[in-house]
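Chemist: How does the following fold in three dimensions:
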Amino acid sequence: MDKSGNGKRENWGSRFGFIMAAAGSAVGLGNIWRFPYMTGENGGGAFIVLYLVCVLVICLSVMIAEFAVGRRTSLAAVGAYKTIDNRWTFAGVLGVISAFFIMGFYPVVGGWAFAYIVKSFSGLLSSAVPIGDVFGAFISNPIQPIFWMIIFLAVNVIIVAKGISGGIEKAGKILMPTLFVLLILISIRSITLPGAGAGLEFLFKPKFDVVNGQTVLAALGQAFFSLSLGMGCMITYGSYLDKKEDLTKSALLVTMMDTGVAILAGVAIFPALFAFGMEPAVGPGLVFVVVPSIFAEMGGIGAVFSVLFFIALMVAALTSSVSLLEVVVAYLIDQKNMERKKAVIVTGAIMTFTSILSSLSMGLMSGVKLFGVGFFDFFDILTDKIFLAIGGMLLAIFVGWFMKKEDLKDELTNGGTIKFGLFEIWYNLIKYVIPVAIAIVAIMGIRSIEQTSLMLFGIGIIVVLAIFSKKL
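Modeler: Predicted structure coming up:
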């Protein structure tokens, strides 16, 4: 029974609403912030080709699996695993922990985007102070970033408190079309700049001589993390699905929309980057330092496009963070029998505290270290390098080896009423190929962690969860 107040488990109000909400979950900072700088650092077009292959072969299959697990059980991450095989409850708990930890720093970056909308109006682009210095001074300020973070998180709380169809679905119907329109407008301006052709060539003319093993791993890692996989979001959203919904088509639509936003973000940024003679491989500072510098070069009209860009970034962050908040809230509703509004308030309050710690770790508390890193990096590294990849690998192993093949086929064909001719190919991918591919990403990610104590702590959490799985 759902504790949302209507006496039964909530469902999506429409197929369009579900697609918009699920696409919103997939689309996030990874598309507009991480994808462009990863593309810049890994050679442009060749990286995009590898990224698209990884999305279609691996990530689409994992998304279908997550939707199937959620709808089969009509329960969020923890309950879904527990119902099918209680030895695997820990994998669901890992998803909830991942979502919770991501929300320990994600609202901070969402707040930065919110703040930069206002800053674009108030002289950011015309300031005599270099834009990089402005960003550094802003994130290290003990008050300003927290103010914007609280506003961003409050919007999340309001949306999720209104429920599935009344809150998350309605927000998705408005926010996702808005995001596409904004990115298209910025892209049109970007490609019409003198010299923009070099940026388009960088994006869409692959140079495979720059490809190496690290490029392939970067593409797979970006594709996997971009689609909100391995953190319980798609299992949770799938649990609210009607039994008539075509899971395969829905997953394909969500994947295409997510990829479309990432490509649009690249088109919005790189032609302008080349038009003004800036370096494409600039790293994580691309969005908050280099992009505003591009708009500053455009003159008066640049402020308008800066506002549009940061609204788009804030919207992308919001659609994704709403789903992360819902993962934790759904756990409290399903497993702890909490009323929705109470679950949202409790979760939101704790996330406010962790996000404050993350924000302060950029300045006032920069000297406070947890396993050798500040709070922001602590939450980021644990999830990005350890929890998400291992969570996705566990999901693939669970679906391929511990769920009944007949149950999966029944779920993906809706009892045989729709065709899924590629079922055998999908099943063998999810059973044999994908666990290995994700394991490689996980191992490489874990090896890249410089803080050995943090690495051991993260792995230790997973081991403890697995040992005490039946008691969770």
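Chemist: quick one: Pro142 is in a helix?
Modeler: No: counting by DSSP: H, G, I helix; E, B strand; the rest coil, Pro142 falls outside a helix, being coil.
Chemist: Tell me how many other residues crowd it.
Modeler: 13 (other Cβ atoms under 10 Å). Any C-beta I mention is one placed from the backbone N, CA and C, and that applies to glycine too.
Chemist: Give the closest residue to it in space, chain neighbours not counted.
Modeler: Among residues not flanking Pro142 along the chain, Leu364 sits closest, at 4.5 Å (Cβ to Cβ, 6 or more residues apart in numbering).
Chemist: How about the secondary structure of the one you found?
Modeler: coil.
Chemist: Need phi/psi at it.
Modeler: The phi/psi pair for Leu364 (degrees, to the nearest 10) reads phi -60, psi -40.
Chemist: Now the phi/psi pair for the nearest residue to Ser361 once chain neighbours are set aside, please.
Modeler: Counting by Cβ to Cβ, 6+ apart, Ser361 lies nearest to Gly374, which is 3.4 Å off, once chain neighbours are set aside. Per-residue torsions, Gly374: phi -70, psi 170 (degrees, to the nearest 10).
Chemist: Show the contacting residues for Gly374.
Modeler: 358, 361-362, 365-366, 368 (Cβ atoms under 8 Å, 6 or more residues apart in numbering).
Chemist: make it 10 Å
Modeler: 105, 357-358, 360-363, 365-368, 380 (Cβ atoms under 10 Å, 6 or more residues apart in numbering).
Chemist: roughly how far apart are it and Ile139?
Modeler: Taking Cβ to Cβ, to the nearest Å as the measure, Gly374 falls 12 Å from Ile139.
Chemist: Same check on Ile184?
Modeler: Counting by Cβ to Cβ, the gap from Ile184 to Ile139 is 30 Å.
Chemist: These two: which is more packed in?
Modeler: Higher neighbour count among Ile184 and Ile139: Ile139, with 20 against 14, using other Cβ under 10 Å.
Chemist: Next, the contact list for that one, please.
Modeler: Per Cβ under 10 Å, 6+ apart, neighbours of Ile139: 108-109, 111-112, 115, 145, 288, 359, 361-363, 376.
Chemist: same deal with Ile461?
Modeler: Contacts for Ile461 were tallied using Cβ under 10 Å, 6+ apart; they are 90, 93-94, 97, 101, 382, 386-387.
Chemist: For the helix or strand encompassing Ile345, C-alpha coordinates in PDB please.
Modeler: Using DSSP states H and E, Ile345 sits in helix 340-360. Presented in PDB, the C-alpha positions along helix 340-360 are these (Å, rounded to 0.1, in the frame of the first residue of the first chain):
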ATOM      1  CA  ARG A 340       5.000  10.700   1.500                       C
ATOM      2  CA  LYS A 341       5.200  14.200   2.900                       C
ATOM      3  CA  LYS A 342       6.900  13.100   6.100                       C
ATOM      4  CA  ALA A 343       9.400  11.000   4.100                       C
ATOM      5  CA  VAL A 344      10.200  14.000   1.900                       C
ATOM      6  CA  ILE A 345      10.700  16.400   4.800                       C
ATOM      7  CA  VAL A 346      12.900  14.000   6.700                       C
ATOM      8  CA  THR A 347      15.000  13.200   3.600                       C
ATOM      9  CA  GLY A 348      15.200  16.800   2.500                       C
ATOM     10  CA  ALA A 349      16.300  18.000   6.000                       C
ATOM     11  CA  ILE A 350      19.200  15.500   6.100                       C
ATOM     12  CA  MET A 351      20.200  16.300   2.500                       C
ATOM     13  CA  THR A 352      20.300  20.000   3.400                       C
ATOM     14  CA  PHE A 353      22.800  19.200   6.100                       C
ATOM     15  CA  THR A 354      25.100  17.100   3.900                       C
ATOM     16  CA  SER A 355      24.900  19.700   1.100                       C
ATOM     17  CA  ILE A 356      25.900  22.400   3.500                       C
ATOM     18  CA  LEU A 357      28.900  20.400   4.500                       C
ATOM     19  CA  SER A 358      29.800  19.900   0.800                       C
ATOM     20  CA  SER A 359      29.400  23.600   0.000                       C
ATOM     21  CA  LEU A 360      31.500  24.700   3.000                       C
END
